[in-house]
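Student: Output the structure for:
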Amino acid sequence: MFEHYFSFQEFLKIVPGLLIFPISLYLGLQKIGTRVNAGISFGNNPISPLCIRYVDLRNMKDRTIVIYSIFVSINNDEYLLELKKCNPPLILKGYQSTIVEIPPYSFLLLDGKKFELDKSMTEKSTIYLELAHSTVKCNTLNYQKPISKKLSKYRILENITNNFNGIIYDENAVYAITYSSCSRVKTAIVNQSGIFHGEWEFDTLQLPMKSMSTKEAVEAELKAMGFGDHVDWFKVYFLSR
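Tutor: I've put the predicted structure just below:
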């Protein structure tokens, strides 16, 4: 009887260890290996090609990683593009998330020839991270979440955004003007009434309606008013709607 009681006491001593062991094992496994989820946001405007603008990185392990370069494979690993060289390195702590802004480019070259991405290629993309001693293939984040049953009774409004160099415009905008002033490229929008919006810092606030017929007429009017004498260069774009 005493021996059974003693054995039960010994068993009670090891019960906490037995309960804690699975938790300790799980926490230990979280510090082993590297797992990162990545999401991609594309964008373009009338004067730049379709390109990746942002990468959403989520560290799924309880360990810090140091990222030196971010690459993307396109069209099921057919093409590889370095999106960003991280200098200084990007430090992503355990379970941390960050949004990385990708520098824009004018165009791509493949074997010395101009190469353009299309939407079908970009849908088959994978992010790779270059670490100090390894390359990590990221799991793709899926942003497409179905509408919940509670919200499905509503009629869905679609959000359409027209963007030119970071300036949002609606159907009243007709032309965009890019120009260089003090070694900085700026953008102004001209609406259907000839009024300037955006980055416009000159005395003339409105174009005469007679010069609004074509972008060539707008360029001629800007030259006639001496706009070219105050800037390094300028260019007019017609905004399709």
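
Student: which residues in this protein form helices?
Tutor: According to DSSP state H, the chain carries its helices in the segments 2-29, 119-122, 215-224.

Student: and the shortest one, how far from the chain's centre?
Tutor: The reference is to helix 119-122. 16 Å (C-alpha atoms, centre = their mean, to the nearest Å).

Student: Identify the bridge partners of residue 186.
Tutor: Under DSSP bridges, the beta-bridge partners of residue 186 are residue 179.

Student: how near is it to residue 107?
Tutor: 22 Å (C-beta to C-beta, to the nearest Å). (C-beta placed from N, C-alpha, C; glycine too.)

Student: mind exporting the longest strand anywhere in the chain as PDB, just the C-alpha atoms?
Tutor: Secondary structure of the chain per DSSP state E: the longest strand is strand 79-92. Provided in PDB are the C-alpha atoms of strand 79-92 (Å, rounded to 0.1, in the frame of the first residue of the first chain):
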ATOM      1  CA  TYR A  79      12.500  34.700 -65.300                       C
ATOM      2  CA  LEU A  80      14.200  36.100 -62.300                       C
ATOM      3  CA  LEU A  81      14.300  39.800 -61.300                       C
ATOM      4  CA  GLU A  82      16.100  41.400 -58.400                       C
ATOM      5  CA  LEU A  83      13.500  43.800 -56.900                       C
ATOM      6  CA  LYS A  84      15.600  45.400 -54.200                       C
ATOM      7  CA  LYS A  85      19.200  45.200 -52.900                       C
ATOM      8  CA  CYS A  86      18.800  46.000 -49.200                       C
ATOM      9  CA  ASN A  87      21.600  48.300 -48.100                       C
ATOM     10  CA  PRO A  88      21.700  48.400 -45.100                       C
ATOM     11  CA  PRO A  89      20.200  44.900 -44.700                       C
ATOM     12  CA  LEU A  90      16.600  44.500 -43.900                       C
ATOM     13  CA  ILE A  91      16.100  43.000 -40.400                       C
ATOM     14  CA  LEU A  92      12.900  41.000 -39.900                       C
END
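
Student: picking up where we left off before, give me the more crowded residue out of residue 186 and residue 107.
Tutor: Using other C-beta atoms under 10 Å as the criterion, residue 186 and residue 107 rank with residue 186 on top: 17 against 10.

Student: Which pLDDT does the model give the residue positioned nearest the centre of the chain?
Tutor: Compute the mean C-alpha point of the chain, and by C-alpha atoms, centre = their mean the closest residue is residue 54, 1.5 Å away. As predicted, residue 54 sits at a pLDDT of 89.

Student: Distance of it relative to residue 158?
Tutor: As for residue 54, its distance to residue 158 is 21 Å (criterion: C-beta to C-beta).

Student: Also residue 213?
Tutor: Taken as C-beta to C-beta, the span from residue 213 to residue 158 is 32 Å.

Student: what's the answer for residue 190, then?
Tutor: Residue 190 is 27 Å from residue 158, by C-beta to C-beta.

Student: neighbour-wise, which of these two wins?
Tutor: The neighbour comparison of residue 190 against residue 158 (other C-beta under 10 Å) goes to residue 190, with 26 against 4.

Student: list the contacts for that one?
Tutor: Shown in contact with residue 190 (C-beta atoms under 8 Å, 6 or more residues apart in numbering): 173, 174, 175, 176, 177, 196, 197, 207, 212, 218.

Student: Could you list the low-confidence segments of this protein?
Tutor: The model of the chain has pLDDT under 70 over residues 1-32, 44-48, 142-145, 241.

Student: mind running it again at 50?
Tutor: 1-2, 5-6, 21, 24-30 (pLDDT under 50).

Student: Enumerate every residue touching residue 227.
Tutor: Residues counted as contacts of residue 227 (C-beta under 8 Å, 6+ apart) are 179, 202, 204, 234.

Student: Run a quick neighbour tally on the last one.
Tutor: When neighbours are counted by other C-beta under 10 Å, residue 234 registers 18.
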